[in-house]
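>>> Make a model of this:
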Amino acid sequence: MLLFVMWLLPAMVSAEERKDEWKQSAYSFESMKMVFVDIIFDQNAQVDELKRLVLSDKVQGVFSRNLDFAQAGLSFLGQDELVKRLSATSGEDIAALAQSDPERYAKIVKDGAVFYCQGILEVRFKRYQDTVRYIPERIETYQTEKKVRINKTVTSSNGQNVTVDEWVSVPVTESRVVPSHDEITAHTAVELTLIDTKTNKPVWKMVDSRDAVDKDKDGMINRILKRASDRLLAVKKF
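Below you'll find the model as predicted:
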């Protein structure tokens, strides 16, 4: 008797998400026309200068002038553009202050955002890192099926008993050795806060935190920012 085994291995996925959102119910978002985008990296966002630039570009690319936001009556002002405006109006190289006098630079930018904009959107990267967990070698069992060819006696159309071959599936429990390996988990968390510049109080906040095994952090960030953009647009419209 011939024996064929078909391995049916389940896909294993591990992920967790946190998606929280709040808005001030009595606030009139119609009055907000221009929003300054302020990008902040917390200590747990383990990124070097190059990655800061990459992530900042992602934020600016999402919260920029586009048709959907324009139709909702909302535009955004980035830090580079704001600094250029402030330098042009003051006659001072404001960008140079970022290195020579960071505190004064931060105050000038904040005051400029209040002057030009009705809102400040703080995009805070709270976590951006991988963690590694060592998984030792182990034996695991799993359910599968095997195809078995059997001999079966049937009655033919002329009344004769004949023997035929037939393949049937039978459930079996198998085991295998899973080698030791490193399991890499990607962690991303972004907190967005929209602040009214007149009152200096938040009117909308969203937190999106994700943990996933064997996932790309940048792809996770792209999905977070896309969701944040959609939610802010919905808040602005309604």
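>>> just checking, residue 41 touches residue 125?
Yes. With contact defined as C-beta atoms under 8 Å, residue 41 and residue 125 form a contacting pair (4.9 Å). In short, each C-beta sits where N, CA and C put it, glycine included.
>>> Between the two, which contacts overlap?
Jointly contacting residue 41 and residue 125 under the rule C-beta atoms under 8 Å, 6 or more residues apart in numbering are 47, 55.
>>> Looking at these two, which is more packed in?
Under the neighbour definition other C-beta atoms under 10 Å, residue 41 and residue 125 were set side by side, and residue 125 has more, 24 against 17.
>>> Quick check: that one vs residue 203, distance?
According to C-beta to C-beta, to the nearest Å, residue 125 and residue 203 sit 21 Å apart.
>>> Sketch out the strands for the chain, chain order is fine.
Taking DSSP state E, the strands of the chain run over residues 3-6, 15-23, 34-41, 75-77, 119-135, 138-155, 161-178, 181-196, 201-213.
>>> how about low-confidence regions in the protein?
Segments of the chain classed as low confidence (criterion: pLDDT under 70) are 1-16.
>>> repeat that with 90
Low-confidence segments of the chain, defined by pLDDT under 90, are located at 1-18, 25-26, 31, 43-46, 64-68, 70, 147-168, 170, 214, 236-238.
>>> Outline the domain layout of it.
Under the assignment automatic domain parsing, the domains of the chain span 16-77+114-135+181-237, 138-178.
>>> Out of those, which gets nearest to residue 91?
Residue 91 lies closest to domain 16-77+114-135+181-237 among those, at 16.4 Å (C-beta to C-beta).
>>> ok, now how distant is residue 142 from residue 172?
Going from residue 142 to residue 172 by C-beta to C-beta gives 10 Å.
>>> neighbouring contacts of stretch 155-165?
By C-beta under 8 Å, 6+ apart, the residues outside stretch 155-165 that reach it are 149-154.
>>> Recalculate using a threshold of 7 Å.
149, 151-154 (C-beta atoms under 7 Å, 6 or more residues apart in numbering).
>>> Can you tell me which of those residues comes closest to residue 62?
Nearest to residue 62, judged by C-beta to C-beta, of these is residue 149 at 58.5 Å.
>>> Same list (the strands of the chain) but as TSV, adding distance to residue 95.
As requested, the strands of the chain are exported to TSV (distance: least, C-beta to C-beta, whole Å):
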stretch	distance to residue 95
strand 3-6	65
strand 15-23	34
strand 34-41	16
strand 75-77	15
strand 119-135	19
strand 138-155	56
strand 161-178	54
strand 181-196	24
strand 201-213	28
